[in-house]
Each structure stands twice: as C-alpha cells, then as structure tokens.
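A.B. asks: from the sequence below, what's the structure:
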Amino acid sequence: MNTYHVPTAAPPAPPVPASVILQARALTKTYGQPPIQTLALDGVELGIQAGESLAIMGPSGSGKTTLLHLLSGVLAPTAGSVAWCGRDLQSLSDAERTRLRRSDFGFVFQSGQLLPELPAEENAALPLMLGGMARPQAVAAAREQLRALGLAGLETRRPGEMSGGQAQRVAIARALVGQPGVIFADEPTGALDHATGWDVMRVLHDCAAATGAALVVVTHNPEVAHWCSRTVSMADGRIVATASQQRAVAQPTPAVLR
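C.D. replies: Prediction:
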C-alpha cells in the first residue's frame, strides 16, 4: 500500500461497451484520516462483461479484496465510480444498495459465512426471504438449487453436520438462488484441501456459466485463477497486468465431494 496522494484530473471517460455490465472508473479508496492515510486502490479502471469469469490476483495488501468490496457495493469509493448496468452505485440509497446485493449480486466467501443454527435449505433461502419472498416458496427454490448442486438429502443438515466441501456448496446455492447477474467469490477455496477446492471451483464456474452470471473471484491460487477466462494482477492498489486464458478442463486426480 502507498501513502495517499491527490489523484490528478482524469480525461473524459470513453463510452462503455454494451456488453460491459459492471464498470469501475478511476476507482480510488483510502483508509484513515489526514495526515495519516493509506491508499488501498489507486485509480483502477475495470470493465466486467456479462457472463465472463474474472480472477483478481495479487499479494496481501495489493487491494484485491478492497476492489471486490467496491465493485459489489459493500464499500463506497473515496473517488471514482462503479456502475452496474449503467447506474452509479453511489447514486443509490443504502437501502437500494442492500436490495441490489440481495437480488443482482451473489456472494461466496472463504469461510462460507453460513448461519450455524439454520439448516442448509434455510441458509440457501436467506436472500429470497430477506427480499420478501414467503418462507415456503423461498425454501422450495433453495431445495431445488441444493439438489442441482448434488446435495439432495442434505437439505435439513446444519453446517456443522456437513463437510467443508458440502458447506461451501450450500454457500454457492445461496449465491445462485436469486439468479444474480454477478457472483463475487472471495478466496472460495482457501479453507479447503486441493481436491475439494478444485471440485468447488468447478461447480462455481459451471453454475455461473449455466445461468449466464459473471463470476469475479479474488484468489492467490493460480490453479483457481485458471478456471477464469481473464485474470488481472494487482500491486500497490493498481492493476499491473491483464491476461486471458483457456480454463482448465482436466484434473490429474479426480476430485471427490468431501
């Protein structure tokens, strides 16, 4: 991270291609108050297209998780903007951004962040119930999503009664149940062993592709990044490299849901 400096005036932004659904412009984020401030993001420009898969890589402190939080509206930028389908997230009220994160965005985290007291079907149904859907309908939709992810028969188990891979699939079901336009995943395989992590990443990638959702993954693992069609590398709050690649289609050791 760098010492904060006042960004220079940027030239007029070029038009955004129609295929870009999430656009960051001159995105800057600082923490702290003068005279002691830390620059976490430094004028990042990034466009995410409908249906693409993007990996964000970089060392600790490079700004990758801050970027994910700004793109998803969890944090507000110090300067610059994030637009979802052409609408600036900062033009929305707090309540509107909260609704957006429940309806248009899905989230998968390293630890899953499931509620331990709820069964899998209710954990997966939470976005729908928080959005106002009646519990029976929400749970029915969640059960269908869980079955599609290979968890038939486990709908009433609580997270503590499931393996790490199974619990992470519940988290994926929760992210998908609202049919989001973008799925944000922060180190989704970081707490899993190699085989289970590979299997979870395969499920996450394939489900996003099947629904047409864009997938944005923060990871330090090149094997995880290789599932994505594009990788951006970060250092000191900036994007320093971009690469496109074909995703992995084979695994030396067959992955098993653990």
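
A.B. asks: show me where the stretch 51-200 of the chain has strands.
C.D. replies: 53-57, 79-84, 87-88, 105-109, 182-186 (DSSP state E, counting those that start in this stretch).

A.B. asks: would you mind measuring from the nearest residue to residue 183 once chain neighbours are set aside to residue 171?
C.D. replies: Leaving aside its chain neighbours, residue 183 sits nearest to residue 106 (4.3 Å; criterion: C-beta to C-beta, 6 or more residues apart in numbering). Every C-beta, even on glycine, is put in place using the N, C-alpha and C of the backbone. Residue 106 sits 10 Å away from residue 171, going by C-beta to C-beta, to the nearest Å.

A.B. asks: and the two? which has more neighbours close in?
C.D. replies: residue 106 (29 against 26; other C-beta atoms under 10 Å).

A.B. asks: OK, contacts around residue 169?
C.D. replies: Residue 169 is in contact with 146, 149-151, 200, 203, 257, counting by C-beta atoms under 8 Å, 6 or more residues apart in numbering.

A.B. asks: same question, residue 52
C.D. replies: With C-beta under 8 Å, 6+ apart, residue 52 has these contacts: 214-215, 229-230.

A.B. asks: can you say which of these are buried?
C.D. replies: 214-215, 229-230 (16 or more other C-beta atoms under 10 Å).

A.B. asks: what pLDDT is listed against the residue of the chain most remote from its centre?
C.D. replies: In the chain, the residue that sits farthest from the middle, by C-alpha atoms, centre = their mean, is residue 35; the gap is 33.0 Å. According to the prediction, residue 35 has pLDDT 84.

A.B. asks: what stretches of the stretch 101-250 of the chain score poorly on pLDDT?
C.D. replies: Along the stretch 101-250 of the chain, segments meeting pLDDT under 70 span 112, 246-250.

A.B. asks: the helices in it, which residues?
C.D. replies: For the stretch 101-250 of the chain, helices defined by DSSP state H, counting those that start in this stretch occupy the ranges 120-130, 135-148, 164-176, 194-211, 222-225.

A.B. asks: nearest to residue 156, out of these?
C.D. replies: Minimum separation from residue 156 across the helices of the stretch 101-250 of the chain (C-beta to C-beta) falls at helix 120-130, 6.7 Å.

A.B. asks: thinking again about what came up before, please convert the contacts of residue 52 to TSV, extending it with distance to residue 113.
C.D. replies: Below are those laid out as TSV (distance: C-beta to C-beta, whole Å):
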residue	distance to residue 113
214	21
215	18
229	27
230	26
